[in-house]
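Asker: Need a 3D model of the following:
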Amino acid sequence: MTLVAISCLFSSVLMGCSTDQASQVNSKKSAKVGDSLINNDVKTMTDSSAGRVDGDLENLRAHVERQQQQLEMMRDEQQALQERLKRQQFALTIKPTANANAGRTKQGTASTAYVAFLEEESQFTETETLAAKEISIIPNRDVSLTLTMPPDTRFIAVKVGLRHTKKRSQFLIPIASLTTDTPLTLSVGACDVTIIDGIDTKLVPAFTTKLKYYQQPLVSCL
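Answerer: Residues are numbered from 1 along each chain as shown. Coordinates of the predicted model:
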């Protein structure tokens, strides 16, 4: 009984030792496996986060580019609108001399200027009737104004009522020959009206110092 008991006890001790060592080895393996899994999870999370960040940056970049394109389109549209509005604006400056509308006398006299926007050249004879603006001309007093042209305007007609001359004080100007940055500037003299500035002769080669539809001024009031 004693030998059997001792044998059993010894076997139990050996088995117990063997069991403890195996348990420790298994624990270490489990720990390594756990660490490996954690590292894999961290790497996966890191890669996933990096992917999301890259995706977010790409989306943000695309959004910014779209906004820039929209801003450029809006800027172009605004510039085009400003150009259209600018072309529809007609600026006129009239500079009467001290002897404006004096005729053969020395004393200047008040008169009236008519400005009409015409679609057809044949309407030139109706300048006073179709006038968009009547302007009082006072000797030695400049007048400046800006008018809005109708969309279908092709000609600007100006007629100044001078006492001694009629044809010499009226003219028809195609709007294509007007400059966009300088007002049409007229000088009203004793017997005639002359154009000082505002005509772009390069746009209409046939125009030199005078317009095709402009009557030559008189040398003197005869």
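
Asker: Please read off the pLDDT at Lys202 from the model.
Answerer: Model confidence at Lys202, given as pLDDT, is 71.

Asker: Using the three-state scheme, assign it.
Answerer: coil (DSSP: H, G, I helix; E, B strand; the rest coil).

Asker: Okay, it and Asn140: tell me how far apart.
Answerer: 33 Å (C-beta to C-beta, to the nearest Å). For the C-beta atoms, the positions are set from N, CA and C on the backbone; glycine is no exception.

Asker: for the closest residue in space to Ala98 that isn't next to it in sequence, what are its contacts?
Answerer: Using C-beta to C-beta, 6 or more residues apart in numbering and skipping residues adjacent in sequence, the residue nearest Ala98 is Asn140, 4.5 Å away. Taking C-beta atoms under 8 Å, 6 or more residues apart in numbering as the contact definition, Asn140 lies against 96-98, 100, 108.

Asker: Nearest to Leu184, out of the residues you listed: which one, please.
Answerer: Pro96 (15.1 Å; C-beta to C-beta).

Asker: Can you verify my assumption that that closest one contacts Gly108?
Answerer: Yes - counting by C-beta atoms under 8 Å, Pro96 touches Gly108, with 7.1 Å between them.

Asker: List the residues that are in contact with both of the two.
Answerer: Counting by C-beta under 8 Å, 6+ apart, the contacts common to Pro96 and Gly108 are 139-140.

Asker: neighbour count winner among the two?
Answerer: Using other C-beta atoms under 10 Å, the more surrounded residue of Pro96 and Gly108 is Pro96, with 25 against 22.

Asker: any idea how far that one is from Val143?
Answerer: 8 Å.

Asker: Also Arg163?
Answerer: In terms of C-beta to C-beta, Arg163 sits 19 Å off from Val143.

Asker: what do you get for Glu126?
Answerer: 23 Å.

Asker: Neighbour count for these two, which is higher?
Answerer: Using other C-beta under 10 Å as the criterion, Glu126 and Val143 rank with Val143 on top: 16 against 12.

Asker: so where's this protein shaky on pLDDT?
Answerer: Residues of the chain meeting the criterion pLDDT under 70: 1-51, 53, 79-87, 165-168, 201, 203-222.

Asker: burial count for Gly103?
Answerer: Going by other C-beta under 10 Å, the residues that sit close to Gly103 add up to 16.

Asker: Tell me if it really is in a strand.
Answerer: No - the assignment for Gly103, made by three-state DSSP, is coil rather than a strand.

Asker: isn't it right up against Arg163?
Answerer: Yes - at 5.0 Å, Gly103 and Arg163 qualify as touching, with contact defined as C-beta under 8 Å.

Asker: for the closest residue to Ile135 other than its chain neighbours, helix, strand, or coil?
Answerer: Nearest non-adjacent residue to Ile135, counting by C-beta to C-beta, 6+ apart: Ala113, 4.3 Å away. Judged by three-state DSSP, the three-state class of Ala113 is strand.

Asker: Would you quantify the distance from Ala91 to Thr185?
Answerer: With C-beta to C-beta as the criterion, Ala91 and Thr185 are 9 Å apart.

Asker: My error: substitute Glu126 in the last question.
Answerer: 25 Å.

Asker: now Ile156
Answerer: 13 Å.

Asker: Between the two ends of stretch 158-178, how far is it?
Answerer: When the termini of stretch 158-178 are compared using C-alpha to C-alpha, to the nearest Å, they are 13 Å apart.

Asker: Nothing else from me, thank you.
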